[in-house]
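**Student:** Next come a sequence and a model predicted from it.
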Amino acid sequence: MTGLEIRMRRLFEKGRAFVVALDHGLVMGPLKGIERVGEVIKKIAFNGPDALQMTPAMVRLVKENFFSRSSPMLIARLDTANVWRQKYKKAESGYYSAVYSIRDAIEAGADAVVTYLVVGYGEDQVEGLNIDTLSALRREANDYGIPFIIEPLYVSPENPDSVKEPELVKYVTRLASEIGADILKVDYTGDKQSFKEVVDVAFAPILIRGGPKTKNDAEFLMMLNDAIEAGASGVTVGRNLWQAKEPDKMARAISALVHERKSVGEVLKMLE
């Protein structure tokens, strides 16, 4: 388990982890802010993140950002699903598919891998395929000593982004823990008390899932702060960072909140 321990220690070297998710194109296409991924990575890579989450294919375009000792770690996305499409047909069926193997991720230089656990959407066999796939990938990740991150979501055709009702979040968090996740990416439930209950049922450290674009920066940063106060071991953010007016400033602000535990008021001033 030495390799796993080394990689986990590196990710949480500063006590908590700050991860930027840039892999949305695999499920939602070229969203605003990541149409030209090389440009946004140049703005954020060296402004505080501990790791960048992307697909192995993306790494070929931006590999120079991982060459130095001060470079962020790389977390490779392995799979996809059609739940988050803005326009899709046969929404009641859904699909889940692994795209990359653990070996693909390692060949791309990954320090960890991440997979979806999509519960409550589509036919039963889709959910069963998802769990079977995760189990096989987890065994392979264990063989290579690479951290295996599960992003458990309870979704429905009416709420494809994911349901944040505390009991459902607790259920999928525990399910992902039992499958063997080394790290969990979990939705915030809306208040510190209910999210603390989520943390309590987990077997692995939790990174809060940044979720859709919020109404304003204050709301977003307060959510991250509350999740950390409730026991989250870090944050994973996407749209609220790379769709920000100045992504470099937002990255520095999130880093200050996560790593230095500056107040929301203090980090908001950093965005002015």
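**Tutor:** Thanks, I have it.
**Student:** From here on, just use CA atoms for contacts and neighbour counts.
**Tutor:** Fine.
**Student:** Report the buried residues of the helix or strand of the chain with the lowest mean pLDDT.
**Tutor:** When each helix and strand of the chain is scored by mean pLDDT, DSSP states H and E, helix 25-28 comes last, with a mean of 89. Neighbour counts over helix 25-28 (16 or more other C-alpha atoms under 10 Å) mark Gly25, Leu26, Met28 as buried.
**Student:** does the second one really touch Asn82, like I thought?
**Tutor:** To tie it back to what came earlier, the one meant is Leu26. No - judged on C-alpha atoms under 8 Å, Leu26 makes no contact with Asn82 at a distance of 9.5 Å.
**Student:** Please enumerate the shared neighbours of the two.
**Tutor:** Counting by C-alpha atoms under 8 Å, 6 or more residues apart in numbering, Leu26 and Asn82 have no common neighbour.
**Student:** Asn82: what's it in contact with?
**Tutor:** Val27, Tyr88, Gly94, Tyr95, Tyr96.
**Student:** now do Lys213
**Tutor:** Contacts of Lys213 by C-alpha under 8 Å, 6+ apart are Arg239, Asn240.
**Student:** so when I look at it, I'm seeing a helix, right?
**Tutor:** No - Lys213 sits outside any helix when classified using DSSP: H, G, I helix; E, B strand; the rest coil, being coil.
**Student:** Looking at it now. What's its pLDDT?
**Tutor:** Per-residue confidence (pLDDT) for Lys213: 78.
**Student:** Give me the three-state assignment for Val19.
**Tutor:** Under three-state DSSP, Val19 comes out as strand.
**Student:** can you pull out the strands in the stretch 51-200 of the chain?
**Tutor:** For the stretch 51-200 of the chain, the strands defined by DSSP state E, counting those that start in this stretch occupy 51-54, 73-77, 79-81, 96-98, 112-119, 148-154, 183-187.
**Student:** I'd like the average pLDDT over the third one.
**Tutor:** In this model, strand 79-81 has an average pLDDT of 92.
**Student:** name the element Ala251 belongs to?
**Tutor:** helix 247-259 (DSSP states H and E).
**Student:** tell me the angle that helix makes with strand 17-21.
**Tutor:** 150 degrees (axes from the mean of the first three to the mean of the last three C-alpha atoms, to 10 degrees).
**Student:** Now helix 247-259: buried residues?
**Tutor:** 247-259.
**Student:** Over to stretch 172-182?
**Tutor:** In stretch 172-182, counting by 16+ other C-alpha under 10 Å, buried: Val172, Thr173, Arg174, Leu175, Ala176, Ser177, Gly180, Ala181, Asp182.
**Student:** same thing with stretch 75-88?
**Tutor:** Ile75, Ala76, Arg77, Leu78, Asp79, Thr80, Ala81, Asn82, Val83, Trp84.
**Student:** for stretch 7-27, same thing?
**Tutor:** Residues 7-8, 10-11, 16-26 are the ones in stretch 7-27 that count as buried (16+ other C-alpha under 10 Å).
**Student:** Between its first and last residues, how far does stretch 98-111 reach?
**Tutor:** 19 Å (C-alpha to C-alpha, to the nearest Å).
**Student:** For it, give me every contacting residue.
**Tutor:** Outside stretch 98-111, the residues that reach it (C-alpha under 8 Å, 6+ apart) are 7, 56, 59-60, 73-80, 113, 133, 137, 140-141, 146-147.
**Student:** same question, stretch 60-72
**Tutor:** Counting by C-alpha under 8 Å, 6+ apart, Gly38, Ile41, Lys42, Ala45, Phe46, Pro49, Asp50, Ala51, Leu52, Met73, Leu74, Ala108 sit against stretch 60-72.
**Student:** and the last one, how many neighbours?
**Tutor:** Yep, that's Ala108 we're talking about. 19 (other C-alpha atoms under 10 Å).
**Student:** Distance of it relative to Asn130?
**Tutor:** From Ala108 over to Asn130 (counting by C-alpha to C-alpha), the distance is 23 Å.
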